[in-house]
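# Predicted model and sequence follow; I will ask about them next.
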Amino acid sequence: MYPVVMKMIDDLIERMRRGDKRATARLITFVENDEEKAREIIKKIYGYTGKAYIVGITGPPGAGKSTLLDKLIKEVRKEEKIVGVIAIDPTSPFTGGALLGDRIRMQKHSTDPGVFIRSMATRGSLGGLAKATNDAIKVLDAYGCDVIFVETVGVGQIEVDIVKTADTVVLTTIPGLGDDIQTIKAGLMEIADIFVVNKGDKEEADRTVFELKLMLDLEKEKWKERGWRPPIIKTVALTNRGIPELWKAIKRHKTFLEESGRIKDKRRFRAEEEVKTIISDIITGKVGKHMKREEIYSLIGKIAERELDPYSAAELIMEKTLGVKV
Amino acid sequence: MVERSKVRVLIAKPGLDGHDRGAKVIARAFRDAGFEVIYTGIRQTPEQIVESVIQEDVDVLGLSILSGAHMVLIPKILKLLEENGVKVNEDVLVIAGGIIPPDDAQELEKMGVAKVFGPGSPIGDIINFVDEKVAKLKKFA
């Protein structure tokens, strides 16, 4: 990397450490857009990270995640903690464009010096987060955020990457999304540390709470062993009902993780997942560097024509790029 | 041309009017053209808009205003941007649309708005204009 680029990165990091929001925002852009710069930046700031507590807010589209978050920010700011928000919305698979609208609900916090809100687009990532979410979190952590909220895209049943990213996962659901069978399906329902039933003033809200409770009752042993049973909190985000209770529950979960030592397991697991992702990204990148596009396309064409099977093609590509038999 | 999916566009509505159809149409058009668009909703103060420009590190700021207060609000936004170290048309391209009389449009373009697009402006023209100007921003040059 050119010395001028290195110097620019160093300057930005220094400004970020002094609390400059513009420098922080530019660093996030770099980790999002430019893999080479991202590596440099993360190597340089990693020593400053690890202080922020990361809370994931997930749930289906329209459940009220952004509105809930707007109210949560207000609650956390009462304690004068510095808050970071990363709000993720989908990228179009057809045009590459995106419309990021989570900020609308949180705009009144825009001018609060203690709040930093950043919208991100998924850019092809399918797990409910953006590809650079983890790196953007590190930038906000190094900037000095005490709490970082990550709002996922509106999710369905299996977009559960947030569990690899957050210390506490808040699953926001709403009444009327289906019967009790939905609550015992695998995937999303398993990752919650805290359940929120938002729009709690709706008629069927109590029924939804009840079904979740029944679902949790099926696994009493597991909760006992773990030492944490996910609480169910009924909220009406629009009127702030249940929000102080939700923030208290998040803090209770944090204390539980710290006292039980589980926070260490979580962070170790996260580090492992992160390194795996980086390795596979590096390898994919290497393929692009060591093989010509036409060469790869010709192999892909052969697979489509049934002249070659996909495993043999992958082995061939790996041999060419890494120089080892796989 | 700069890769559109790496160009961030903020569509903001300063002032007290709630006529957001135009802003939404433009936001959607930029999305469909492959840009990353951030829409912040109606009734934004100049301070909120400028903070959003900074935190989101956008390259284009599109202001939609139909209240008639454009000669107060837009200069204020330009001034706040500069005060916060964001150089207009060097760091961020500023364009405007809505109900803005030609004389005022001229005045605003002198102040630093790259272009005012009135009612009936073809969307393709707006996007071509942005493509061309974004390539000259410091970040992409």
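Thanks, I have the structure now.
# show me where the stretch 151-300 of chain A has strands.
Using DSSP state E, counting those that start in this stretch, the strands of the stretch 151-300 of chain A run over A:168-173, A:194-197, A:232-234.
# Please read the previous query as pertaining to chain B.
Counting by DSSP state E, chain B has these strands, from start to end: B:8-12, B:36-39, B:60-65, B:93-98, B:115-117.
# distance between the longest helix along chain A and the chain's centre?
The longest helix of chain A (DSSP state H) is helix A:262-290. With C-alpha atoms, centre = their mean, to the nearest Å as the basis, helix A:262-290 stands 15 Å off its chain's centre.
# Can you list the buried residues in that helix?
Residues of helix A:262-290 classed as buried: A:Arg262, A:Lys266, A:Arg270, A:Val287 (neighbour count, 16 or more other C-beta atoms under 10 Å in any protein chain shown). No exception for glycine: its C-beta is placed from N, CA and C like everyone else's.
# Near chain B, list only the ones from those residues.
Counting by C-beta under 8 Å from any C-beta of the partner chain, nothing from the buried residues of helix A:262-290 sits close to chain B.
# how about the helices of chain B, start to end?
Using DSSP H, helices in chain B cover B:21-32, B:46-56, B:70-83, B:102-111, B:123-134.
# The fourth one packs against which elements?
Going back to what we said before, that points to helix B:102-111. helix B:70-83, strand B:115-117 (3 or more C-beta pairs under 8 Å, 6 or more residues apart in numbering or on different chains; DSSP states H and E).
# Can you tell me which helices and strands the longest one packs against?
I take that to be helix B:70-83. When contacts are defined as 3+ C-beta pairs under 8 Å, 6+ apart, helix B:70-83 sits against helix B:46-56, strand B:60-65, strand B:93-98, helix B:102-111.
# Same check on the shortest one?
Using 3+ C-beta pairs under 8 Å, 6+ apart as the contact criterion, the elements in contact with strand B:115-117 are strand B:93-98, helix B:102-111, helix B:123-134.
# Okay, helices next: where are they in chain A?
A:3-17, A:21-33, A:35-45, A:65-77, A:103-106, A:133-143, A:205-217, A:220-226, A:243-260, A:262-290, A:293-304, A:310-322.
# in the shortest one, what's buried?
The neighbour-count criterion (16+ other C-beta under 10 Å) identifies A:Arg103, A:Ile104, A:Arg105, A:Met106 as the buried residues of helix A:103-106.
# among those residues, which are within reach of chain B?
Near chain B, judged by C-beta under 8 Å from any C-beta, the entries from the buried residues of helix A:103-106 are A:Arg103, A:Ile104.
# picking that back up, ranking the helices and strands packed on helix B:102-111 by burial, who's on top?
Counting by mean count of other C-beta atoms under 10 Å in any protein chain shown, strand B:115-117 has the highest mean neighbour count of these, with a mean of 20.
# just to revisit the earlier point, rebuild the strands of the stretch 151-300 of chain A as TSV, extending it with distance to chain B, mean neighbour count and mean pLDDT.
Below are the strands of the stretch 151-300 of chain A laid out as TSV (distance: least, C-beta to the nearest C-beta, whole Å; neighbours: other C-beta atoms under 10 Å in any protein chain shown; pLDDT from 0 to 100):
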stretch	distance to chain B	mean neighbour count	mean pLDDT
strand A:168-173	21	26	96
strand A:194-197	23	25	96
strand A:232-234	27	21	97
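# beta partners of the residue most central in space within chain B?
For chain B, the residue sitting closest to the mean C-alpha position, by C-alpha atoms, centre = their mean, is B:Gly62 at 1.6 Å. Assessed by DSSP bridges, B:Gly62 has beta-bridge partners B:Ile11, B:Ile95.
# Report pLDDT for it.
According to the prediction, B:Gly62 has pLDDT 97.
# just A:Ile184 next, same as before
69.
# next one: the one 4 residues further on
A:Leu188 is assigned a pLDDT of 82 by the prediction.
# Please name the residues that touch the closest residue to it other than its chain neighbours.
Taking C-beta to C-beta, 6 or more residues apart in numbering or on different chains, and ignoring the residues beside it in sequence, A:Leu188 has A:Gln157 as its nearest neighbour in space, at 5.2 Å. By C-beta atoms under 8 Å, 6 or more residues apart in numbering or on different chains, the contact set of A:Gln157 is A:Lys185, A:Gly187, A:Leu188.
# Give me the local confidence score for the residue nearest to A:Asp89 when sequence neighbours are not counted.
Distance criterion C-beta to C-beta, 6+ apart; nearest residue to A:Asp89, sequence neighbours excluded, is A:Leu100 at 4.6 Å. Note for A:Leu100: predicted pLDDT of 94.
# correct me, but A:Leu100 touches A:Ile86?
No - applying C-beta atoms under 8 Å, one finds A:Leu100 not in contact with A:Ile86, separated by 11.1 Å.
# Now do the shared contacts for the two.
What both A:Leu100 and A:Ile86 touch, as defined by C-beta under 8 Å, 6+ apart, is the set A:Met120.
# Get me the contact residues on chain B for chain A.
Chain B comes close to chain A at residues B:4-6, B:8, B:27-28, B:30-41, B:44-45, B:47-48, B:51-52, B:54-57, B:84-86, as judged by C-beta under 8 Å from any C-beta.
# Let's see the ChimeraX selection covering just the buried ones among the residues you listed.
Of the residues of chain B next to chain A, the buried ones can be selected in ChimeraX as follows, counting by 16+ other C-beta under 10 Å:
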select /B:4,5,6,8,27,28,30,31,32,33,34,35,36,37,38,39,40,41,44,45,48,51,52,54,55,56,57,86
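# Columns pLDDT and distance to A:Met16 on top of the buried residues of helix A:103-106, output as JSON lines?
Compiled in JSON lines, those are given as follows (pLDDT from 0 to 100; distance: C-beta to C-beta, whole Å):
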{"residue": "A:Arg103", "pLDDT": "93", "distance to A:Met16": "21"}
{"residue": "A:Ile104", "pLDDT": "92", "distance to A:Met16": "26"}
{"residue": "A:Arg105", "pLDDT": "92", "distance to A:Met16": "26"}
{"residue": "A:Met106", "pLDDT": "93", "distance to A:Met16": "21"}
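# Name the nearest of the buried residues of helix A:103-106 relative to chain B.
Nearest to chain B out of the buried residues of helix A:103-106 is A:Ile104 (C-beta to the nearest C-beta; 3.8 Å).
# quick revisit: pipe the helices and strands packed on helix B:70-83 into JSON lines and attach distance to A:Val169 per row.
Listed next are the helices and strands packed on helix B:70-83 as JSON lines, based on distance: least, C-beta to C-beta, whole Å:
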{"stretch": "helix B:46-56", "distance to A:Val169": "25"}
{"stretch": "strand B:60-65", "distance to A:Val169": "35"}
{"stretch": "strand B:93-98", "distance to A:Val169": "39"}
{"stretch": "helix B:102-111", "distance to A:Val169": "47"}
